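> Fold the following for me, if possible:
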Amino acid sequence: MDDRIDVLVIEDDEDVRLGCVQALTLEGLKVLGAASAEKAQRVIGPNFAGVIVSDIWLPGKDGLSLMREVVAIDPTLPVILITGHGDVATAVQAMRDGAYDFIQKPFSSQLLVEVVRRALDKRALALEVRGLRRQLASLGGLDGRIIGRSETMARVREAVVRIATSRADVLIQGETGTGKELVARCLHDLSGCRGNFVALNCGGLPETLFESEIFGHEAGAFTGAARKRLGKIEHAAGGTLFLDEIESMPVTLQIKFLRVLQERVIEHLGSNAQIPVDFRVIAATKADLGEESRAGRFRADLYFRLNVATINLPPLRDRREDVPQLFDHFAALAALRHDRESPPVTDQRVRELMAYPWPGNIRELRNTAERHVLGIDMPPGAAADARVSLADAVEAFERSLIADELRRQNGNGVKTAKQLNIAKSTLFDKIRKYGLDAV
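Numbers count the residues shown, from 1 in each chain. I've put the predicted structure just below:
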């Protein structure tokens, strides 16, 4: 089987088959002709990446039977049916049953090419999404990037999987250091977009430069604008524009940016020409934009426009059971970077790590792991807080153990209680206490 076949043409009329093959070949497509469905099925395997063009009436197995078999195996494989004048009703019903389209004899080469091109675009998108899903399911996927065994982080990964391949704009909410840019990059990497990931910190630019930076400008648009400059939005064309600290965007520019979001067109400073730009916006905020909009500090219409899909990232103190895994991960990276072995982590150190509230969240934990590898003591505040909050560490350990066993038992509380050797009533009390799910 040749995986590079773009179109498989099944037609018993040799003249029609040859005409279809020639017309599609002239368009640069790789085409294979077959006189029967039985011969064609030798080519249609699990890795077939093309589309099928088949006559309805064939010797032996007819085109409708072939279409139903193909759709049952792979519903995303487009089947285009060729029909005579009297078979239009049959072809329409076939589309309801899963056929991609039909063309009626006699048809022009141009019509055939147009329908096949559309079907190939659809097939390419379906295969791309399938590849992304395989990537997510493999080792080294999201579990290796968005780290944590807690239920909250499992929900974050699920949200990323659900919306990554959509074109919906996303709002990521979380305290400083919770990993908002990491999640944004995961969304971009798994989206299938071939454009750039362009990050802009809205709080890191003076208002006088912000408009030029995001929209771009023409030469001579203002003093010092010696040459034309593309803005961040254009640089993100076909990709993702990540706006960190969106709450810091100047109010005067929020109106202009809202228009860009609604119409997907921009105008350079110093120009009236409208430039269409296809891009996705992922905005991040450490503030409550709903509250900010009610207080008049952020435009409500922009907030509602950005808030199509929302991902909430918990602070590290609310998922302390993830701290040991994150610490080991960051320590391993630091050891590799500094070309030295990571010292062992004692049980006492783990208890201190889990009891500390981590006001700097993951950034602070990463720095602590690096200091551990370099042989530098943990900040004194961590040990002090550990003595006060040891009970929190015990609860975090308990929650982590129960959550892990529930996952291994597919949420079955009875089996989980048996494995943990505790009474079912005790287990379900703890499940309710820690907000876990069980059946």
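> which regions of the chain lie under the pLDDT threshold?
1-3, 46, 85-86, 131-141, 377-394, 396-397, 438-439 (pLDDT under 70).
> Grab the most central residue of it for me.
For the chain, the residue nearest the mean C-alpha position is Ala164 (2.0 Å; CA atoms, centre = their mean).
> could you pull out the helices for the stretch 301-439 of the chain?
323-338, 347-355, 361-373, 380-388, 390-408, 413-420, 424-434 (DSSP state H, counting those that start in this stretch).
> now the last one and helix 413-420, what's the angle there?
What it means is helix 424-434. 100 degrees (axes from the mean of the first three to the mean of the last three CA atoms, to 10 degrees).
> could you say what helices and strands helix 424-434 packs with?
helix 390-408, helix 413-420 (3 or more CB pairs under 8 Å, 6 or more residues apart in numbering; DSSP states H and E). In this view, the C-beta of every residue, glycine as well, is placed from N, C-alpha and C.
> How far does stretch 53-61 stretch from one end to the other?
End-to-end span of stretch 53-61 (CA to CA, to the nearest Å): 15 Å.
> Which stretches in the protein count as strands?
Applying DSSP state E to the chain gives strands spanning 7-10, 31-34, 51-55, 79-83, 101-104, 170-173, 197-201, 216-217, 229-230, 240-244, 265-266, 275-276, 280-285, 309-312.
> For Gly375, give me its contacts.
The contact partners of Gly375, taken as CB atoms under 8 Å, 6 or more residues apart in numbering, are Pro343.
> got it, and Gly231?
Listed by CB under 8 Å, 6+ apart, the contact partners of Gly231 are 212-217, 266, 268.
> my guess is Thr416 meets Ala403, correct?
No: using CB atoms under 8 Å, Thr416 is not in contact with Ala403; the gap is 9.8 Å.
> Comparing the two, which residue is more hemmed in?
Under the criterion of other CB atoms under 10 Å, the comparison of Thr416 against Ala403 puts Thr416 first, with 26 against 21.
> With Ala94 as the reference, measure out to that one.
Counting by CB to CB, to the nearest Å, the gap from Thr416 to Ala94 is 49 Å.
> Out of the helices of the stretch 301-439 of the chain, flag the one nearest Glu181.
Closest to Glu181 of those is helix 361-373 (CB to CB; 10.9 Å).
> Report all helices and strands that the closest one contacts.
helix 323-338.
> Pull out the buried positions in the helix it packs on.
The neighbour-count check on helix 323-338 (16 or more other CB atoms under 10 Å) flags 323-324, 326-327, 329-331, 334-335 as buried.
> Could you do stretch 181-192 as well?
Result for stretch 181-192 [16+ other CB under 10 Å]: buried residues 181, 183-191.
> of those residues, closest to Ile56?
Among the buried residues of stretch 181-192, Ser191 lies closest to Ile56 (CB to CB), at 38.2 Å.
> Nearest residue to the closest one in space, please, no chain neighbours.
Ala164 (5.2 Å; CB to CB, 6 or more residues apart in numbering).
> And that neighbour, how close does it get to Val129?
Taking CB to CB as the measure, Ala164 falls 10 Å from Val129.
> Mind listing the shared neighbours of these two?
Joint contacts of Ala164 and Val129 (CB under 8 Å, 6+ apart) do not exist.
> To Leu258, which of the helices of the stretch 301-439 of the chain lies closest?
Nearest of the helices of the stretch 301-439 of the chain (CB to CB): helix 361-373, 30.3 Å.
> Can you give me the neighbour number for Leu313?
Leu313 has 25 neighbouring residues, counting by other CB under 10 Å.
> go on, Ala40?
Ala40: 22 surrounding residues under other CB under 10 Å.
> OK, contacts around it?
8, 10, 34, 52, 54, 66.
> Now render these as JSON lines, adding distance to Met249 and neighbour count.
Listed next are those as JSON lines, based on distance: CB to CB, whole Å; neighbours: other CB atoms under 10 Å:
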{"residue": "Leu8", "distance to Met249": "52", "neighbour count": "20"}
{"residue": "Ile10", "distance to Met249": "56", "neighbour count": "29"}
{"residue": "Ala34", "distance to Met249": "58", "neighbour count": "21"}
{"residue": "Ile52", "distance to Met249": "50", "neighbour count": "28"}
{"residue": "Ser54", "distance to Met249": "54", "neighbour count": "25"}
{"residue": "Leu66", "distance to Met249": "56", "neighbour count": "24"}
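> between those, which is nearest Ala273?
Ala273 lies nearest to Ile52 out of those, by CB to CB, at 44.3 Å.
> Isn't that closest one up against Ile44?
Yes: with contact defined as CB under 8 Å, Ile52 and Ile44 form a contacting pair (7.3 Å).
> what do those two both touch?
When contacts are counted by CB under 8 Å, 6+ apart, Ile52 and Ile44 have 8, 70, 77 as shared neighbours.
> still on that earlier bit, can you redo the helices and strands packed on helix 424-434 as JSON lines with distance to Thr90?
Shown next, in JSON lines, are those (distance: least, CB to CB, whole Å):
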{"stretch": "helix 390-408", "distance to Thr90": "50"}
{"stretch": "helix 413-420", "distance to Thr90": "53"}
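> Nearest to Arg117 among the ones you listed would be which one?
helix 390-408 (45.4 Å).
> and the protein, what are its domains?
For the chain, automatic domain parsing gives the domain ranges 7-133, 142-314, 317-434.
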